[in-house]
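In: Pasting the sequence and the predicted model now:
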Amino acid sequence: MNDFENIKIEELRTLIRKFNNDENVNQLENYYHSKSFPEILGASRKELVHSSFLAWILNEKESHQLLDFPIRKLLELIVIYSNDSQNQRNKNLFDSIIVSDYSISDLYIETERVEKGVGRIDLYIEITIQTNGKNNRLRLIIENKVGTKEHSDQTTKYFNHYENFKEKEFINLYVFLTPISSLDLMELQEPECSCKEYTQVNYQSIVDFMLEPALKRNINNKTEFIIKEYLQSLSQPTIDKDDDEYKQGLIMALGTDERNLLTKFWEKNQKLILASLYAISSDPEQEKDVRDSASSALSNLSNSNKDRSLYSIKYNGTVEIEKIKKSDIGYSTVKLLENKNLIDSELFEFLRADKSCSFLLLKTIDEVTDTETKYRKYRINSEPELIFEGEEYFVARNWGINNIDRFLKKMTKRINGIEYITHE
């Protein structure tokens, strides 16, 4: 039985008293009990509202004083999240975008663009990029999904429509924008839309790479107010909505200050939060959907249900590495293979590039993106984790349980003598 089921009334009173006097709690109450302007208008989860905001901030001619900073950050995000084939196909252009060695002109932005017989494009952008004495005409087709899933293979229709144009001066870039978390996004093997030629990005990356940095630039008070109101609307969970279009509790993105504050809040009030969820989930006076939601949250948060499995690695019958966390499985495997002198060119290419090991991916420090560093997928503040043919590499972390299962099976099949032991 869990500790929060047997919590004593005296301890509960103490926890509630500490909760009520907690400075973090007071700050969070002030923040979450106030409504942003989009919420007041009942528009905080309307896709058109978000597309319109992006169209405003991406337009260098608007009065926000950010000039072309936002559109440059969007282009950078597209490059960061593009797959290998997209990067190879547009290598010179993408290299220029990453190092910001280009100028832009002829920017055109349109929301809800109607393509007769095809559909309505959420956000359509045309832009000219000048680099190395060459003009590149870009067309960005952005499908924006907030509360609903893609329907009727929209992305495939848009892709086929623009790829079949006779004029070839445009480079088409396709973007699938969703509220998925950054950790989940990094674990995706392919975009969640029907057309796999799209690059999936999320609202959290828009916050991290564009909006929060924009607040640090020389902007006027009105622009600062608008961006902060928008950030607050992204962070407010959806509740008390009868419309099934909205996922209950959906938070689209969090600012850094909010994330830090909420993390401290959880760390200091974890036991009280779990006890509250248990009380609601077991209260017959609560509505069934409320009880079910609390029970589901409790199941995901409860220590008794959290996967704390440890792993040991055997090689040729001998335990070489004992009781490591799942986040270190890839790193430990690479170190074992390195120590046994098993990494030749063929195995190295498999570990670095094979799609079945894309959740392992060895990368150099220059290849690791800011997002991957921010969410500790790569720990580049440590010593290089593998040196092969004079090049330094780091090993991916932050895996999902499905990725781990695939990895263990793949490595067991690939490497003679390697064996993984799970400790519950």
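Out: Yes, it's here. Numbering: from 1, shown residues only.

In: Every contact and neighbour count from this point should use C-alpha atoms.
Out: Fine.

In: can you give me the strands for the stretch 251-400 of the chain?
Out: 310-315, 318-325, 362-363, 386-388, 391-395 (DSSP state E, counting those that start in this stretch).

In: Could I get those in JSON lines, plus columns for distance to residue 217 and mean pLDDT?
Out: Below are the strands of the stretch 251-400 of the chain laid out as JSON lines (distance: least, CA to CA, whole Å; pLDDT from 0 to 100):
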{"stretch": "strand 310-315", "distance to residue 217": "45", "mean pLDDT": "89"}
{"stretch": "strand 318-325", "distance to residue 217": "41", "mean pLDDT": "86"}
{"stretch": "strand 362-363", "distance to residue 217": "32", "mean pLDDT": "79"}
{"stretch": "strand 386-388", "distance to residue 217": "39", "mean pLDDT": "87"}
{"stretch": "strand 391-395", "distance to residue 217": "33", "mean pLDDT": "85"}
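
In: Quick check: which of the ones you listed is nearest to residue 225?
Out: Of all these, strand 362-363 sits nearest to residue 225, with 39.4 Å by CA to CA.

In: helices or strands up against that closest one?
Out: If you count contacts as 3 or more CA pairs under 8 Å, 6 or more residues apart in numbering; DSSP states H and E, strand 362-363 packs onto helix 345-353, strand 391-395.

In: quick one: low-confidence ranges for the chain?
Out: Residues of the chain that meet the criterion pLDDT under 70 lie in 1-7, 166-168, 239-249, 300, 302-308, 353-361, 374-376, 381, 398-402, 424.

In: Report the residue ranges of every domain in it.
Out: 3-30+248-301, 47-225, 310-423 (automatic domain parsing).

In: what's near enough to touch the nearest residue to residue 295 once chain neighbours are set aside?
Out: Among residues not flanking residue 295 along the chain, residue 281 sits closest, at 5.0 Å (CA to CA, 6 or more residues apart in numbering). Contact analysis of residue 281 by CA atoms under 8 Å, 6 or more residues apart in numbering lists 290, 291, 292, 293, 294, 295.

In: wait, the last one sits on residue 276?
Out: By that I understand residue 295. No: with contact defined as CA atoms under 8 Å, residue 295 does not count as touching residue 276 (10.6 Å).

In: Comparing those two, which residue is more hemmed in?
Out: Between residue 295 and residue 276, counted using other CA atoms under 10 Å, residue 295 has the larger neighbour count: 18 against 15.

In: if we can go back for a sec, can you select the buried ones from the contacts of residue 281 in ChimeraX?
Out: To isolate the buried members of the contacts of residue 281 in ChimeraX, using 16 or more other CA atoms under 10 Å:
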select :291,293,294,295
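
In: ok, back up a step: can you tell me how far the residue nearest to residue 295 sits from residue 64?
Out: 47 Å (CA to CA, to the nearest Å).

In: do the same with residue 377
Out: Residue 377 is 34 Å from residue 64, by CA to CA.

In: go on, residue 26?
Out: 32 Å.

In: Please apply the same query to residue 192.
Out: Relative to residue 64, and taking CA to CA, residue 192 is found at 33 Å.

In: Would you mind telling me which of those two has more residues around it?
Out: More crowded of residue 192 and residue 64, by other CA under 10 Å: residue 64, with 21 against 16.

In: Find me whatever residue is spatially closest to that one, sequence neighbours aside.
Out: Nearest one to residue 64, counting by CA to CA, 6+ apart, is residue 223 at 5.3 Å.

In: Figure out the helix or strand that the one you found lives in.
Out: helix 221-235 (DSSP states H and E).

In: and that helix, how far from the chain's centre?
Out: 21 Å (CA atoms, centre = their mean, to the nearest Å).

In: helices or strands next to that helix in the packing?
Out: Using 3+ CA pairs under 8 Å, 6+ apart: helix 221-235 touches helix 37-40.

In: Which among the strands of the stretch 251-400 of the chain is found nearest to residue 117?
Out: strand 362-363 (43.8 Å).

In: What strands flank the closest one, and is each parallel or antiparallel?
Out: strand 391-395 (antiparallel) (DSSP bridges).

In: in the following helix or strand past the partner strand, what counts as buried?
Out: Using DSSP H and E, the helix or strand that follows strand 391-395 in sequence is helix 401-414. Across helix 401-414, burial judged by 16+ other CA under 10 Å covers 403, 404, 407, 408, 411.

In: and the gap between the last one and residue 329?
Out: Plainly put, residue 411 is 11 Å away from residue 329 if you go by CA to CA.

In: same deal with the first one?
Out: Computed as CA to CA, the residue 403 to residue 329 distance reads 11 Å.

In: which non-adjacent residue is nearest residue 337?
Out: residue 343 (6.1 Å).

In: pretty sure the one you found is touching residue 335, no?
Out: No: taking contacts as CA under 8 Å, residue 343 lies outside contact range of residue 335: 9.9 Å.

In: so how far is residue 94 from residue 378?
Out: Separation of residue 378 from residue 94 (CA to CA): 22 Å.

In: These two: which has the busier surroundings?
Out: residue 378 (23 against 20).

In: how far away is the closest residue to the more buried one other than its chain neighbours from residue 147?
Out: Closest residue to residue 378 apart from its sequence neighbours, by CA to CA, 6+ apart: residue 396 at 5.2 Å. As judged by CA to CA, residue 396 and residue 147 stand 31 Å apart.

In: who's more crowded, these two?
Out: Neighbours of residue 396 and residue 147, each counted by other CA under 10 Å, are more numerous for residue 396; the result is 22 against 19.

In: Report how many residues lie close to residue 288.
Out: 12.

In: I meant to write residue 216 there.
Out: Per other CA under 10 Å, the neighbour tally for residue 216 reads 9.

In: now do the one 3 residues further on
Out: Applying other CA under 10 Å, we find 14 residues neighbouring residue 219.

In: Next up, the contacts around it.
Out: Contacts of residue 219 (CA under 8 Å, 6+ apart): 64, 65, 66.

In: First-to-last residue distance for stretch 83-93?
Out: 15 Å.
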